[in-house]
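make a model of this:
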Amino acid sequence: MNATFFIRLKAFMYDYILLFLYLVLLFIVNVFLFPGLQNFFSGSLITAQLTGFIMVTLPISIYFIISDSNIIGQSFGKKKARIQVVGENGESPSVFRITCRTILKFLPWELSHFLVYRLVSIGDGDVPVTYYLIGGLVYLLMFIYIGTAIFTKKKQSLYDLLTKTYVIRENTRPNQ
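Numbers count the residues shown, from 1 in each chain. Down below sits the predicted model:
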């Protein structure tokens, strides 16, 4: 049986506990142990964004890639919520497939980071139209991701549809 949006949200909230603890650790490291790391965020936009990606997005993405792929099979949150990501035949997806899924899943998040770095850098200046378009794209993707997870027959988000994955309750196969 396919996992509903609310069960998926519950799993993400469990995972978010781990992500929050990681972010707290990152804050402690950046503020108290190695405050010099903050200099990477005050330089060029490219350096700041790359640093943020390496410190936040990449480790979190790797967590989901390793957890949800055939390496482990379930993230902490999915295990607690008793759901898992599977391929078309009910198998644990490959690292490649989950990597593609994770990139698509976190695309709105990374686009919003891109936008925030640029908005902070322009200060009180005029906001370029392209920034409004990127902001609109972030909200559009989030709306589509949530809407497809709620309203599609197999409860697949857009990134699941594109990567041919399903989020199902444990020990069930995708409804064909």
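
low pLDDT regions in the chain?
173-176 (pLDDT under 70).

tell me how far the residue nearest to the spatial centre of the chain lies from F64.
By CA atoms, centre = their mean, the mean C-alpha position of the chain lies nearest to F106, the distance being 3.5 Å. The gap separating F106 from F64 is 8 Å, by CB to CB, to the nearest Å. Using the backbone N, CA and C atoms, a C-beta is placed for each residue, glycine as well.

what of F151?
For F151, the distance to F64 - CB to CB - is 24 Å.

the two: which has the busier surroundings?
F64 (21 against 9; other CB atoms under 10 Å).

mind listing what the more buried one touches?
By CB atoms under 8 Å, 6 or more residues apart in numbering, F64 lies in contact with D15, S75, I98, T102, K105.

same list (these) but as a markdown table, adding secondary structure, neighbour count and distance to N171.
Below are the contacts of F64 laid out as a markdown table (DSSP: H, G, I helix; E, B strand; the rest coil; neighbours: other CB atoms under 10 Å; distance: CB to CB, whole Å):
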| residue | secondary structure | neighbour count | distance to N171 |
| --- | --- | --- | --- |
| D15 | helix | 21 | 21 |
| S75 | coil | 23 | 17 |
| I98 | helix | 25 | 20 |
| T102 | helix | 22 | 24 |
| K105 | helix | 20 | 24 |
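
tell me which stretches of this protein form helices.
All helices of the chain, identified by DSSP state H, fall at 5-28, 45-52, 58-68, 76-81, 95-105, 107-122, 129-151, 158-163.

what's the last one packed up against?
Applying 3 or more CB pairs under 8 Å, 6 or more residues apart in numbering; DSSP states H and E, we find helix 158-163 packed against helix 95-105, helix 129-151.

how distant is that helix from the center of its chain?
13 Å (CA atoms, centre = their mean, to the nearest Å).

hmm, who's touching it?
With CB under 8 Å, 6+ apart as the test, helix 158-163 has contacts from 85, 93, 97-98, 100-101, 104-105, 141, 144-145, 148-149, 152, 166-167.
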